[in-house]
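Colleague: predicted model and sequence follow; I will ask about them next.
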Amino acid sequence: MTMLIETAVEGYRFVCGSCGHTWMADYDIQYVSDDVGATFGFYRLDGVPVPAPTAGDIPCTNCGAVGVAMIPEGRCEAPPRG
Ligand SMILES: [Zn+2]
């Protein structure tokens, strides 16, 4: 049985080492823990499950090369301001 710990939105910047193209993506992430206390993150982009950006095999959206550097930009939630 798994238990949802939290959900988050985290932004990542990607830089292609081949063509220099940069882009950003905001991932919806669900962190869950399993029976033995291990924690997993399930990543989605626009509601579609995707591999974690940290998996390291993200292809460049411009030239298709693999070998893209991933830079965490932190969580995107801004505190509501009135
Ligand atoms: Zn590229």
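Modeller: All right, it came through fine. Predicted model only: the values in this text are computed from it and were never measured.
Colleague: which parts of this structure sit against the ion?
Modeller: Taking CB under 5 Å from the ion as the contact definition, the chain meets the ion at 16, 18-19, 21, 60, 62-63, 65. (Each C-beta comes from the backbone N, C-alpha and C, glycine too.)
Colleague: output these as CSV; include the columns secondary structure and neighbour count.
Modeller: Shown next, in CSV, are the residues of the chain next to the ion (DSSP: H, G, I helix; E, B strand; the rest coil; neighbours: other CB atoms under 10 Å):
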residue, secondary structure, neighbour count
Cys16, strand, 21
Ser18, coil, 13
Cys19, coil, 12
His21, coil, 15
Cys60, coil, 20
Asn62, coil, 13
Cys63, coil, 11
Ala65, coil, 13
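Colleague: helix or strand with the lowest mean pLDDT in the protein?
Modeller: The weakest-scoring helix or strand in the chain, judged by mean pLDDT, DSSP states H and E, is strand 68-75 (a mean of 86).
Colleague: and it, which residues are buried?
Modeller: Val68 (16 or more other CB atoms under 10 Å).
Colleague: direction included, what does it pair against?
Modeller: strand 3-16 (antiparallel) (DSSP bridges).
Colleague: need the contact partners of the partner strand.
Modeller: 21-34, 39, 53, 58, 60-63, 65, 67-77 (CB atoms under 8 Å, 6 or more residues apart in numbering).
Colleague: then stretch 55-74?
Modeller: With CB under 8 Å, 6+ apart as the test, stretch 55-74 has contacts from 10-19, 21, 23-24, 51, 53-54.
Colleague: just the buried ones from those residues?
Modeller: 10, 12, 14, 16, 53.
Colleague: for the last one, give me phi and psi.
Modeller: Looking back up the chat, that one is Pro53. The phi and psi values for Pro53, taken as degrees, to the nearest 10, are phi -60, psi -20.
Colleague: my read is that it contacts Arg44, right?
Modeller: No. Using CB atoms under 8 Å as the test, Pro53 is too far from Arg44 to be in contact (11.7 Å).
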